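Trainee: what follows is a predicted protein model with its sequence.
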Amino acid sequence: MHRRGRIDKTQAEIVSALRAVGASVQSLADVGKGVPDLLVGFRNATLLLEVKGIASIKRHPPQGLLPDQKRWHAMWSGSRVHIVTDTTTALEAIGAI
């Protein structure tokens with residue numbers, strides 16, 4: 001069984017910061033099966049963001065990814081999935097700072 005809908009505590013803050021700089025944000029958290037947490041549109045680019053808390057990264061080094069997330073990332077041939085932990089890393093990932 002795949003976990004779905006688990007949202008890291010920082011995700012709401014990250015979504016607000018992304019929207020504040022003009023990004024479009026769609027949560028994909030309910031999809032599960034290793035799919036990244038956020039689909040983000042910014043400056044004519046589409047990006048995928050995986051939101052990870054520091055505790056998760058410590059439990060599952062180096063990036064905090066669970067086995068289903070590792071499999072999804074490995075099979076994805078689209079754009080890179082960015083691992084973000086806070087508003088700063090999220091804004092850097094989309095090129096807003």
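Mentor: Yep, that arrived. Residues are numbered from 1 along each chain as shown.
Trainee: quickly run through the sheet partners of the top strand by length along the chain, with directions.
Mentor: When the chain is parsed with DSSP state E, its longest strand is strand 45-51. Here strand 45-51 has these sheet partners by DSSP bridges: strand 38-42 (antiparallel), strand 81-84 (parallel).
Trainee: redo the ones you listed as a markdown table? Include mean pLDDT, mean neighbour count and distance to Ser24.
Mentor: Quick note: C-beta positions are derived from backbone N, CA and C, even for glycine. Listed next are the strands paired with strand 45-51 as a markdown table, based on pLDDT from 0 to 100; neighbours: other CB atoms under 10 Å; distance: least, CB to CB, whole Å:
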| stretch | mean pLDDT | mean neighbour count | distance to Ser24 |
| --- | --- | --- | --- |
| strand 38-42 | 98 | 19 | 4 |
| strand 81-84 | 96 | 22 | 16 |
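Trainee: still on that earlier bit, for the helix or strand following the longest strand of the chain, what is the average pLDDT?
Mentor: Using DSSP states H and E, the helix or strand that follows strand 45-51 towards the C-terminus is helix 54-59. Averaged over helix 54-59, pLDDT sits at 88.
Trainee: hmm, back to that, how about the strands paired with strand 45-51 in a markdown table, adding distance to Ile97?
Mentor: Output for these, formatted as a markdown table (distance: least, CB to CB, whole Å):
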| stretch | distance to Ile97 |
| --- | --- |
| strand 38-42 | 12 |
| strand 81-84 | 12 |
